[in-house]
Structure formats: structure tokens, C-alpha cells
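**Q** quick one, what's the 3D model for this:
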Amino acid sequence: MADSFHLYKGLEVYPLVYPHVATRPGFAHDYGQGFDAAVRIREPHSDSAKARSRVFRLPGERPFMSTGEARRASTAYAELLIDANESGNIWDAQ
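**A** Coordinates of the predicted model:
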């Protein structure tokens, strides 16, 4: 399966979505408990240098109720981080 990403201001944005409650060995996933999300922001590949990458967990106290909602929030959060750090460095952002 290919990674799903989009480019935003020259950076690759990868939404990361996972079940809110960890799956216990021998049991099925419990998607009814919702989903948590993070986002990976990465420089595009280049032949001359290794691409930098960083993962940011989305803030929030409640899980998302669908994977689509979590993916949209991840993408929006990445764009907010990139915009807020245009003059600075996304790799040093908190």
C-alpha cells in the first residue's frame, strides 16, 4: 500500500490515524472508541541529502469519531504548523 500524502508549501504531509484504545493481543480492534491522530511532515526526497522528517501528535483530549475526521484534522494541523513556522524552522517547532 502506498503512503497517502500531499504537498503543502514544498513539504510532504502524511496524516497518521490509529485506534484510540490499543488492541489487546487476541482481540479485534475496538474502533467504536474512536481514533487518535498525528501527522508526519517531511522534506521531499533528494539524491544529494537525506530528507528530514518529524511527527507531531495532534493536541486534544477526546478521540475523533471517524478516520476521515482524524485525517482532515491531521492535514489542517500540519498546515497550521507549517504556516506558523514559515520564517522559522519546522524541525525545531514544539
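**Q** beta partners for the spatially most central residue of the chain?
**A** Closest residue to the average C-alpha location of the chain: residue 39 at 1.2 Å, with C-alpha atoms, centre = their mean. Note on residue 39: beta-bridge partners by DSSP bridges are residue 15, residue 56.
**Q** how near is it to residue 83?
**A** In this view, residue 39 and residue 83 are 14 Å apart by C-beta to C-beta, to the nearest Å. Every C-beta, even on glycine, is put in place using the N, C-alpha and C of the backbone.
**Q** residue most distant from the centroid, the protein?
**A** residue 26 (27.7 Å).
**Q** pretty sure that residue is in a helix, no?
**A** No - counting by DSSP: H, G, I helix; E, B strand; the rest coil, residue 26 is not part of a helix but coil.
**Q** per-residue confidence at it?
**A** Residue 26 carries a pLDDT value of 86.
**Q** and it, how far from residue 20?
**A** For residue 26, the distance to residue 20 (C-beta to C-beta) stands at 19 Å.
**Q** number of nearby residues for residue 17?
**A** Residue 17 has 19 neighbouring residues, counting by other C-beta atoms under 10 Å.
**Q** so which strand or helix has it?
**A** Residue 17 is part of strand 11-19, with elements assigned from DSSP states H and E.
**Q** contacts for that strand next, please.
**A** 3-7, 29-31, 33-44, 55, 64, 67, 70-71, 74-75, 78-79, 82, 90 (C-beta atoms under 8 Å, 6 or more residues apart in numbering).
**Q** so where's this structure shaky on pLDDT?
**A** For the chain, the stretches flagged by pLDDT under 70 are 1-3, 46-49, 87-88, 93-94.
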